[in-house]
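**Q** Model the following, please.
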Amino acid sequence: MRPPRRQALAAAAAPRQVRLIGGQFRRSKLPVADRPGLRPTPDRVRETVFNWLGQSLEGWRCLDAFAGSGALGFEAASRGAAEVVLLERDPGLAGGLRNCQARLGAAAVRVLCADALAWMATCTPERFELVFIDPPFDAGLHAQALARAVPLVAAGGYVYVEAPEPLTTPPQGWTLWRQGRAGAVHFHLLQRSS
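**A** Here you go, the predicted model:
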């Protein structure tokens, strides 16, 4: 009985991590801090989303608006994105993201300690080909974050949204291109009309 208990205690004490699944930084691990509401996008969901988008994001400009662990943004950088902006309002998490950026040598990644909604409200329209929206589920920010993200995306670009409920009505001028569910997570890829 003692060995399984020791294993359980060791597993509980071990730092949580997510791994990047494709591209230049494939198999690299990102630490996941123990913060309320921080829930990184699972490997299986990220794999599905990047299969939908295509394996290469060469030259794309991407925004990870509620970066947290940075898994979505670093995955985009790993697959060739020319620019990836990670927004994280928690200074400790932002510092961790900067450490990951330096460790990986991810030159395309820029980490900003900023409130995502406020930053998106002042951002240049049509600046990105892809915006990731994955706020804490209990914050109730999904609809507001999507509304702020929509003007930032160039024609033909995408917004990825994770939410506790399915998104049924896309914004005007957008199509719900793909969607899926993994446990309690509903994930959606919306495309802006050309």
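
**Q** From here on, just use CA atoms for contacts and neighbour counts.
**A** Will do.

**Q** And the next helix or strand past the longest strand along the chain?
**A** Taking DSSP state E as the assignment, the strand of the chain that covers the most residues is strand 153-163. Using DSSP states H and E, the helix or strand that follows strand 153-163 in sequence is strand 174-182.

**Q** Can you report how many residues neighbour the nearest residue to Ala184 once chain neighbours are set aside?
**A** In this structure, Ala184 finds its nearest non-sequential neighbour in Pro164, 6.1 Å apart by Cα to Cα, 6 or more residues apart in numbering. Residues near Pro164, counting by other Cα atoms under 10 Å, number 16.

**Q** Please apply the same query to Leu167.
**A** Neighbour number of Leu167 under other Cα under 10 Å is 17.

**Q** ditto for the one 3 residues further on
**A** Pro170 has 15 neighbouring residues, counting by other Cα under 10 Å.

**Q** For it, give me its contacts.
**A** With contact taken as Cα atoms under 8 Å, 6 or more residues apart in numbering, Pro170 is in contact with 176, 190.

**Q** any idea how far Val185 is from it?
**A** Using Cα to Cα, to the nearest Å, Pro170 is found at 18 Å from Val185.

**Q** what's the answer for Ala121, then?
**A** 26 Å.

**Q** now do Asp64
**A** Counting by Cα to Cα, the separation of Asp64 from Val185 is 18 Å.

**Q** if you count what's nearby, which of these two comes out ahead?
**A** Per other Cα under 10 Å, whichever of Asp64 and Val185 has more neighbours is Asp64, with 25 against 17.

**Q** Identify the residues contacting the more buried one.
**A** By Cα under 8 Å, 6+ apart, the contact set of Asp64 is 70, 72-73, 84-87, 131-133.

**Q** Buried ones among those residues?
**A** Using 16 or more other Cα atoms under 10 Å as the burial test, the contacts of Asp64 include 70, 72-73, 84-87, 131-133 as buried.

**Q** Just say helix, strand or coil for the residue lying closest to Glu58 once chain neighbours are set aside.
**A** The spatially closest residue to Glu58, leaving aside those adjacent along the chain, is Gly80, at 4.3 Å (Cα to Cα, 6+ apart). Put simply, Gly80 is coil when judged by DSSP: H, G, I helix; E, B strand; the rest coil.

**Q** burial of Gly80, as a residue count?
**A** Gly80 has 19 nearby residues by other Cα under 10 Å.

**Q** got a pLDDT number for it?
**A** Looking at Gly80, its pLDDT stands at 96.
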